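Enquirer: sequence below, structure please.
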Amino acid sequence: MRSVPPTRVGNEHSTRPDLQAQSRHVTLAFSNSPRPSHTPAVRASGKINFSHPPSPLINPRIPAPHQFLSSLASILVHELPEHRLPALRSTMIREQRKKDNMEVVRLLEHYVLRRGVCSVSGSIYDTAWVSMVSKYVKGRTVWLFPESFTCICSFQSESGGWEGGDPVDELVNTLASLLALKRHLKVDDVAPEENLPQRIASATDFLTQKLSELDPGLTDGAAFEVLIPSMLDLLEIEGVQLRFAEWDYLRERNQRRMAKINFSALHENPQSILHSLESFMGLVDFDQLGQYLKDGGMMGSPASTAAYLMNASKWDEAAEGYLKEAVENGRRIADGMVTTVFPMSTFEFAWVLDAMAPG
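Expert: Got it, this is the predicted structure:
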């Protein structure tokens, strides 16, 4: 098994910068669309004025960051004919390279017109869920992303678990990865060299120890009350029963949290739990949730999109396409890896532009 050096989150330096720990149990509020919510051309009423789109041409009388934002807006909201977008992007890259704005150049070079960019670090949790997506092809069921499962196996530590930024992250990552191991063990075409029984035993021992040390007073609410209980239930279905001192207390908190969620209203209005549908399998009707997909993704979450594909009665090609692009984006980190949110174009460009802005 491959040992992964420890990682830190926040502003601390990581000994593994290409795979910094991401906190899955923090709900992210980034847009699931490469288009911004508005452009610089806005009427007093707040409605977008499309009659005068931002000019993509370089105007020396406008400060450079504002030029760039105007040109970028033209790409993001597709106000230009689609066939002109590649040429415009190339022009912008040349201009920003001349100004030595290499971070902007890097973002533009990685920008995919339909999907955008996402340069955040990898997520073991989401990758594990993506690795569990299967599809019926030519008379048999196949894993859609075998490279994601290989990736998960390669990052299992010598301790048997999957490391994270804090003890709860380690639990969440390891629970999801162990679930992936158990489900793949049922399939005959798994490579023998993966040694899945040994990996499963090591991961189970890791979880047994960590759960016995868990202090519920120090845990994050969403992870402790939703993610962990749901994955413990799924693992029990797979034959892995984990019990620990705080089991009853965990169940009590889980029931209180679940009682506050109006699942029937989910089919009428979007809610934040759409970002974590993998935690609500058996509780929601996935066939009624396709309306919330945006460019194939469910709230920009690879894990939630994977859960949707696994539970909807009708296969969704757009959702499959979204996951394929999420996996492709993650290749910069590791083959098969995905990030915990994808894409993040609006945020990433806005962050760079804010740093470039005068004053």
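Enquirer: for residue 170, what are its contacts?
Expert: By Cβ atoms under 8 Å, 6 or more residues apart in numbering, residue 170 lies in contact with 161, 162, 163, 164, 210. The C-beta positions use only the backbone N, C-alpha and C, and glycine is treated the same way.
Enquirer: tell me where the stretch 251-359 of the chain has strands.
Expert: Counting by DSSP state E, counting those that start in this stretch, the stretch 251-359 of the chain has strands at residues 293-294, 297-298.
Enquirer: most neighbours per residue, which of these?
Expert: Comparing the strands of the stretch 251-359 of the chain by mean neighbour count (mean count of other Cβ atoms under 10 Å), strand 297-298 comes out on top with a mean of 27.
Enquirer: which residues touch that one?
Expert: Outside strand 297-298, the residues that touch it by Cβ under 8 Å, 6+ apart are 32, 274-275, 277, 289, 292, 304-305, 307-308, 319, 322, 326, 342.
Enquirer: apply 6 Å and report the result again.
Expert: Surrounding strand 297-298, the residues in contact under the criterion Cβ atoms under 6 Å, 6 or more residues apart in numbering are 32, 274, 304, 305, 308, 322.
Enquirer: before we move on, back to that, wait, which of the strands of the stretch 251-359 of the chain is closest to residue 239?
Expert: Each of the strands of the stretch 251-359 of the chain has some distance to residue 239 by Cβ to Cβ; the shortest is strand 297-298, at 28.7 Å.
Enquirer: among the contacts of residue 170, who's most crowded?
Expert: By neighbour count, taken as other Cβ atoms under 10 Å, the most surrounded of the contacts of residue 170 turns out to be residue 162 (27 neighbours).
Enquirer: on that earlier part again, mind checking which of the contacts of residue 170 land in helices?
Expert: Here DSSP state H is the test, and these give residue 210 as lying in helices.
Enquirer: from the contacts of residue 170, which one has the minimum pLDDT?
Expert: The member of those with the lowest pLDDT is residue 164, and it reads 83.
Enquirer: how near is it to residue 284?
Expert: Distance from residue 164 to residue 284, counting by Cβ to Cβ, to the nearest Å: 27 Å.
Enquirer: do residue 335 as well
Expert: Taking Cβ to Cβ, one finds residue 335 at 32 Å from residue 284.
Enquirer: quick check on the two: which one has the bigger neighbour count.
Expert: Ranked by neighbour count (other Cβ under 10 Å), residue 335 and residue 284 place residue 284 first, with 19 against 12.
Enquirer: number of nearby residues for residue 129?
Expert: By the other Cβ under 10 Å criterion, the neighbourhood of residue 129 contains 28 residues.
Enquirer: just give the nearest non-adjacent residue to it, would you?
Expert: residue 303 (4.0 Å; Cβ to Cβ, 6 or more residues apart in numbering).
Enquirer: what pLDDT does that neighbour get?
Expert: Residue 303 is assigned a predicted lDDT (pLDDT) of 97.
Enquirer: could you report the distance from it to residue 180?
Expert: Applying Cβ to Cβ, one obtains 11 Å for the distance of residue 303 from residue 180.
Enquirer: and what of residue 261?
Expert: From residue 261 across to residue 180, the span is 26 Å (Cβ to Cβ).
Enquirer: next: residue 156.
Expert: For residue 156 relative to residue 180 (Cβ to Cβ), the value is 11 Å.
Enquirer: between the two, who's got more neighbours?
Expert: The residue with the greater number of neighbours, taking residue 156 and residue 180 and applying other Cβ under 10 Å, is residue 156; the counts read 25 against 20.
Enquirer: now stretch 284-298 - C-alpha only, PDB.
Expert: Written as PDB, here are the backbone C-alpha positions of stretch 284-298 (Å, rounded to 0.1, in the frame of the first residue of the first chain):
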ATOM      1  CA  VAL A 284     -35.400  10.600  -1.700                       C
ATOM      2  CA  ASP A 285     -36.800   9.800  -5.100                       C
ATOM      3  CA  PHE A 286     -33.800  10.300  -7.400                       C
ATOM      4  CA  ASP A 287     -36.000  10.200 -10.500                       C
ATOM      5  CA  GLN A 288     -37.500  13.500  -9.500                       C
ATOM      6  CA  LEU A 289     -34.200  15.200  -9.000                       C
ATOM      7  CA  GLY A 290     -32.900  15.300 -12.600                       C
ATOM      8  CA  GLN A 291     -34.400  18.800 -12.900                       C
ATOM      9  CA  TYR A 292     -31.600  20.100 -10.700                       C
ATOM     10  CA  LEU A 293     -28.700  18.900 -12.800                       C
ATOM     11  CA  LYS A 294     -26.700  21.700 -14.300                       C
ATOM     12  CA  ASP A 295     -24.600  20.700 -17.300                       C
ATOM     13  CA  GLY A 296     -24.900  17.200 -16.000                       C
ATOM     14  CA  GLY A 297     -23.600  18.000 -12.500                       C
ATOM     15  CA  MET A 298     -25.600  17.900  -9.200                       C
END
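Enquirer: quick one: average pLDDT of it?
Expert: Per-residue pLDDT values over stretch 284-298 give a mean of 92.
Enquirer: what does stretch 228-245 give?
Expert: Mean pLDDT, stretch 228-245: 94.
Enquirer: could you export it as PDB, CA atoms only?
Expert: Backbone C-alpha positions of stretch 228-245 (Å, rounded to 0.1, in the frame of the first residue of the first chain) are rendered in PDB as follows:
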ATOM      1  CA  ILE A 228     -20.800   9.100   8.900                       C
ATOM      2  CA  PRO A 229     -24.200   7.400   9.900                       C
ATOM      3  CA  SER A 230     -25.200   7.000   6.300                       C
ATOM      4  CA  MET A 231     -22.000   5.300   5.300                       C
ATOM      5  CA  LEU A 232     -22.100   3.100   8.400                       C
ATOM      6  CA  ASP A 233     -25.500   1.900   7.200                       C
ATOM      7  CA  LEU A 234     -24.200   1.300   3.700                       C
ATOM      8  CA  LEU A 235     -21.200  -0.700   5.000                       C
ATOM      9  CA  GLU A 236     -23.500  -2.800   7.200                       C
ATOM     10  CA  ILE A 237     -25.400  -3.800   4.100                       C
ATOM     11  CA  GLU A 238     -22.000  -4.900   2.700                       C
ATOM     12  CA  GLY A 239     -21.300  -7.000   5.800                       C
ATOM     13  CA  VAL A 240     -19.100  -4.600   7.700                       C
ATOM     14  CA  GLN A 241     -20.600  -3.800  11.100                       C
ATOM     15  CA  LEU A 242     -18.800  -1.200  13.200                       C
ATOM     16  CA  ARG A 243     -19.800  -0.500  16.800                       C
ATOM     17  CA  PHE A 244     -18.200   2.000  19.200                       C
ATOM     18  CA  ALA A 245     -18.900   3.700  22.500                       C
END
